[in-house]
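Colleague: The sequence isn't on hand, but the structure is:
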């Protein structure tokens with residue numbers, strides 16, 4: 001069974017940057033579209049960004065558009081979430097999730113479309 005591992009979270013000051021990574025040791029991620037999701041304390045989980053299996057389809061939530069960028073390097077079996085201009089309201093546990101696909105198609109940012117989830121990495125934006 002696919003196991004996703006997130007890394008790169010931590011404490012950062014407002015305006016700072018972090019890059020999250022999502023890997024799947026022992027598996028080939030290019031068979032999956034990937035989504036990044038986050039859940040802040042007391043709030044529902046929300047989609048942040050998604051990328052199709054070959055990277056031809058990318059989407060970002062309005063709340064992070066222009067600040068966050070999802071990308072993938074299938075040769076390194078890794079999906080990234082570059083987060084810039086971070087705000088306190090970006091504080092959350094960030095999860096990557098995988099949607100098994102058989103053709104290249106538009107990516108989805110809905111949690112019920114995802115087949116596998118990582119355990120998450122905490123991002124705290126605070127001065």
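Modeller: Okay, I see it. This is a predicted model, so every value here is computed, not measured.
Colleague: Find the centremost residue of the chain, please.
Modeller: residue 36 (2.4 Å; C-alpha atoms, centre = their mean).
Colleague: Pull the number of nearby residues for residue 110.
Modeller: 11 (other C-beta atoms under 10 Å). From N, CA and C alone the C-beta is placed, and that goes for glycine too.
Colleague: tell me the contacts of it?
Modeller: By C-beta atoms under 8 Å, 6 or more residues apart in numbering, the contact set of residue 110 is residue 47.
Colleague: again, but for residue 28
Modeller: Contact analysis of residue 28 by C-beta under 8 Å, 6+ apart lists residue 77.
Colleague: again, but for residue 51
Modeller: By C-beta under 8 Å, 6+ apart, the residues touching residue 51 are 33, 34, 35, 57, 58, 70, 71, 72, 79, 107.
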